[in-house]
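Undergrad: coordinates only, sequence not included:
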């Protein structure tokens, strides 16, 4: 369930809800149990009824990892009034890394002016190909000059970097490709979500959820973000609490994945170097 | 990045990787730092090189919440050899709750025999409509007789229940609709992921990632699941650790969302009752 484009948040619901709140606000305010958050129903309601007009573009290319895009898409599309749109070279459905088709809303040529945020998902072989895709990199450079913020999830940061958009920025990537960011002039970071001026980058795959929620907080405030988090029941409980982070995971597994992907990571490095050399 | 359908896990990589491991296994075994996990590189490699032939179907219907489907899709499609396919009434692209299009791989009529798992995502208005969709509910009943396991994320459990498939089963749902499960004969649970015999149900939206990972563990073992978790960098760090669970969230927000959605939840209850009354 989300709060946007659903019958739950339509005008009638909002009106009925506001009436209910007016009555509720007449009663005693609830105690401020969560220090940083809305203490009263009135405060919370005022915060969560906020609307906006953010224009958020998520860039699709063949072989993108769906989860990299869908985590932020979920969180950001919960912002009532925001437009979250998929954009690609053409309107043809784009095949994800795991092989299903997602239809873009817009082509690069149809890019709306002054987007609030342009987000680039990562991938494996698809991202390697995309590093050599001049149309894609040119689009990223062009839109970056007009967008309020550019962002990425996972290896998507290598595409931003290859387009020359991370020079001097602190940024992150999938844990196996963080070091490659240095090739783009970025300052590699091992944080899960990195905000640096007009850039935001997330770590691997599932970090897109944390990045999305952090952006909702940025755009709509903490109380709104908390409402989105509760509605999306984002109370993650991985079976193995330590295994999702190379710093705490079984080192045997870390080494295994590094050995397994070493040739691929070397290819990614070469592609980043080539793209940077070709950057105007 | 995932491990399936990507150049990282193709035959050549696997062969090269196995050669590297053979050399590695000749060296001293690494210490067993994580008790429940593969202690040596050899054990870990044997576990992670496992392949399989699971057939996993994710049911799409208009208005499904994309994230409900994409969390499990990510985790499960990381199982090399597994087929994860979207199935719907027709091959036409299906519009998600937030308004983008996903193309199904298969129609209900093309359903493969004896699927390993059939998963039903939830939604809001779309799920309400789907509760009145006889074609969908009939498909769920029919495939359940042939599938090894039926599962759901979020309000998808109301569809399973409406189809008569949760009678006597412990099951969960989005926190706002858990109580409605009792209308279907299920035993409502507040756990994030509930396994009960040949059913598995997840809580709201993002619980699909935990459900997916738990299923990978079930199908391929703990070490394989840990590899998938590390590759997907599933080390979640929500900005607000307590706010994703109604038991720990700011009670002002819990009440606010409950008041806001009360009319919608009542409609869902009516639809579940009607569907159950119509169930053969």
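TA: Looks like it arrived, so ask away. No experiment lies behind these values; they were computed from the predicted model shown.

Undergrad: right, is stretch A:225-242 up against chain B?
TA: Yes: contact between stretch A:225-242 and chain B, assessed by C-beta under 8 Å from any C-beta of the partner chain, occurs at A:225-227, A:229-240, A:242. For glycine as for every other residue, the C-beta is placed from the backbone atoms N, C-alpha and C.

Undergrad: Kindly report the residues of the stretch 51-200 of chain A close to chain B.
TA: So the stretch 51-200 of chain A meets chain B at A:65-67, A:70-71, A:73-74, A:77, A:84, A:86, A:93, A:97-103, A:105, A:122-125, A:128, A:154-155, A:174-176, A:192-193 (C-beta under 8 Å from any C-beta).

Undergrad: Buried subset of those residues as a ChimeraX selection?
TA: This is the ChimeraX syntax for the buried subset of these, where burial follows 16 or more other C-beta atoms under 10 Å in any protein chain shown:
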select /A:65,66,67,70,71,73,74,77,84,86,93,97,98,100,101,102,103,105,122,123,124,125,128,154,155,174,175,176,192,193
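
Undergrad: Sitting in strands, which of the residues of the stretch 51-200 of chain A next to chain B do you find?
TA: A:84, A:86, A:101-103, A:193 (DSSP state E).

Undergrad: and the nearest residue to residue A:271 once chain neighbours are set aside, what pLDDT?
TA: Leaving aside its sequence neighbours, residue A:271 sits nearest to residue A:131 (C-beta to C-beta, 6 or more residues apart in numbering or on different chains; 3.8 Å). For residue A:131, the pLDDT comes out at 98.

Undergrad: Who are the contact partners of residue A:131?
TA: Contact analysis of residue A:131 by C-beta atoms under 8 Å, 6 or more residues apart in numbering or on different chains lists A:137, A:158-159, A:162, A:268, A:271-272, A:274-275.

Undergrad: outside of stretch A:192-200, which residues touch it?
TA: Against stretch A:192-200 from outside (C-beta under 8 Å, 6+ apart): A:117, A:147-152, A:160, A:165-166, A:169-172, A:201-203, A:207, A:210-211, A:214-215, A:218, B:235, B:237.

Undergrad: Just the buried ones from those?
TA: A:117, A:147, A:149-152, A:160, A:165-166, A:169-172, A:201-203, A:207, A:210-211, A:214-215, B:235, B:237.

Undergrad: Filter those residues down to just the ones in helices.
TA: A:160, A:207, A:210-211, A:214-215 (DSSP state H).

Undergrad: What distance do you get for residue A:54 to residue A:139?
TA: 20 Å (C-beta to C-beta, to the nearest Å).

Undergrad: now the helices for chain A?
TA: Per DSSP H, chain A carries helices over the ranges A:11-26, A:41-48, A:66-77, A:125-130, A:134-144, A:156-162, A:207-220, A:222-231, A:251-278.

Undergrad: If you count neighbours, what's buried in the fifth one?
TA: Meaning helix A:134-144. In helix A:134-144, counting by 16+ other C-beta under 10 Å, buried: A:136-137, A:139-141, A:143-144.

Undergrad: What is the nearest of those to residue B:110?
TA: For these, the minimum distance to residue B:110 (C-beta to C-beta) is 34.0 Å, reached by residue A:136.

Undergrad: In contact with that closest one, which residues?
TA: A:59, A:61, A:89, A:130, A:159.

Undergrad: In JSON lines, list those residues along with neighbour count and distance to residue A:252.
TA: Shown next, in JSON lines, are these (neighbours: other C-beta atoms under 10 Å in any protein chain shown; distance: C-beta to C-beta, whole Å):
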{"residue": "A:59", "neighbour count": "28", "distance to residue A:252": "36"}
{"residue": "A:61", "neighbour count": "23", "distance to residue A:252": "34"}
{"residue": "A:89", "neighbour count": "18", "distance to residue A:252": "41"}
{"residue": "A:130", "neighbour count": "27", "distance to residue A:252": "32"}
{"residue": "A:159", "neighbour count": "28", "distance to residue A:252": "31"}
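
Undergrad: Output these in a markdown table; the columns should cover distance to residue A:279.
TA: Output for the contacts of residue A:136, formatted as a markdown table (distance: C-beta to C-beta, whole Å):
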| residue | distance to residue A:279 |
| --- | --- |
| A:59 | 17 |
| A:61 | 18 |
| A:89 | 19 |
| A:130 | 15 |
| A:159 | 12 |
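
Undergrad: Tell me the spatial nearest neighbour of the residue nearest to the spatial centre of chain A, not counting adjacent residues.
TA: Centroid-nearest residue in chain A, with C-alpha atoms, centre = their mean: residue A:72, separated by 4.0 Å. Spatial nearest neighbour of residue A:72, chain neighbours left out: residue A:212 (3.7 Å); criterion: C-beta to C-beta, 6+ apart.

Undergrad: if I pick the one you found, what's in contact with it?
TA: Neighbouring residues of residue A:212 by C-beta under 8 Å, 6+ apart: A:71-76.

Undergrad: Those residues: which two are farthest apart?
TA: The two members of the contacts of residue A:212 with the most space between them (C-beta to C-beta) are A:71 and A:76, at 9.5 Å.

Undergrad: For the nearest residue to residue A:207 once chain neighbours are set aside, report the pLDDT, please.
TA: Distances taken as C-beta to C-beta, 6+ apart place residue A:192 nearest to residue A:207, at 5.1 Å, with adjacent residues excluded. pLDDT for residue A:192: 97.

Undergrad: do residue A:268 as well
TA: As predicted, residue A:268 sits at a pLDDT of 97.

Undergrad: shouldn't it be in contact with residue A:178?
TA: No: here residue A:268 does not reach residue A:178: they are 11.6 Å apart, not a contact under C-beta atoms under 8 Å.

Undergrad: Looking at the two, which has the bigger crowd around it?
TA: With neighbours defined as other C-beta atoms under 10 Å in any protein chain shown, residue A:268 and residue A:178 compare such that residue A:268 has more, 25 against 19.

Undergrad: Cheers, nothing more for now.
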